[in-house]
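1. pasting the structure only:
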């Protein structure tokens, strides 16, 4: 009676153990609209946006990928939220970044 090493059980193992497979729960979104707490400044591409939102009482510049789920645009994991200090540093160095891009 050997068992496979791993975190998950095969479906047929549940039947032999007398256990039912665990139920899957999905995360729910309390807001009606994913962008309700932010201002979309611009869409960089089809699935990428720049928005300004308040998070934890702080204003953040959010550059993020979005995906469609059940007809709604939802924020993905890929992205970055910049604090106002970080945004100011990036904005102040925009000319240097443009020069580096031109040289590349």
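-> Cool, got the structure. Values in this document were obtained by computation on a predicted structure and should not be read as measured data.
2. in stretch 65-80, what's buried?
-> 66, 75 (16 or more other Cβ atoms under 10 Å). C-beta: built from backbone N, CA, C; applies to glycine.
3. measure that stretch end to end?
-> 9 Å (Cα to Cα, to the nearest Å).
4. pLDDT of it, averaged?
-> Taken as a whole, stretch 65-80 has an average pLDDT of 92.
5. For residue 64, grab the count of nearby residues.
-> 19 (other Cβ atoms under 10 Å).
6. Quick check, it in contact with residue 52.
-> No: counting by Cβ atoms under 8 Å, residue 64 sits too far from residue 52 to count as a contact (11.9 Å).
7. For the chain, just list every one of the strands.
-> 38-45, 48-55, 58-69, 72-83 (DSSP state E).
8. Export those to JSON lines and append columns for distance to residue 97.
-> Output for the strands of the chain, formatted as JSON lines (distance: least, Cβ to Cβ, whole Å):
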{"stretch": "strand 38-45", "distance to residue 97": "15"}
{"stretch": "strand 48-55", "distance to residue 97": "15"}
{"stretch": "strand 58-69", "distance to residue 97": "14"}
{"stretch": "strand 72-83", "distance to residue 97": "14"}
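9. Can you say which of the ones you listed is nearest to residue 96?
-> strand 72-83 (17.0 Å; Cβ to Cβ).
10. Could you spell out the sheet neighbours of the closest one, each with its direction?
-> strand 58-69 (antiparallel) (DSSP bridges).
11. what does the strand it pairs with contact?
-> By Cβ atoms under 8 Å, 6 or more residues apart in numbering, the list of residues contacting strand 58-69 from outside reads 34, 38, 44, 47-54, 73-76, 78-84, 86-87.
12. Tell me the buried residues within those.
-> The neighbour-count criterion (16+ other Cβ under 10 Å) marks 38, 49-51, 53, 75, 82 among these as buried.
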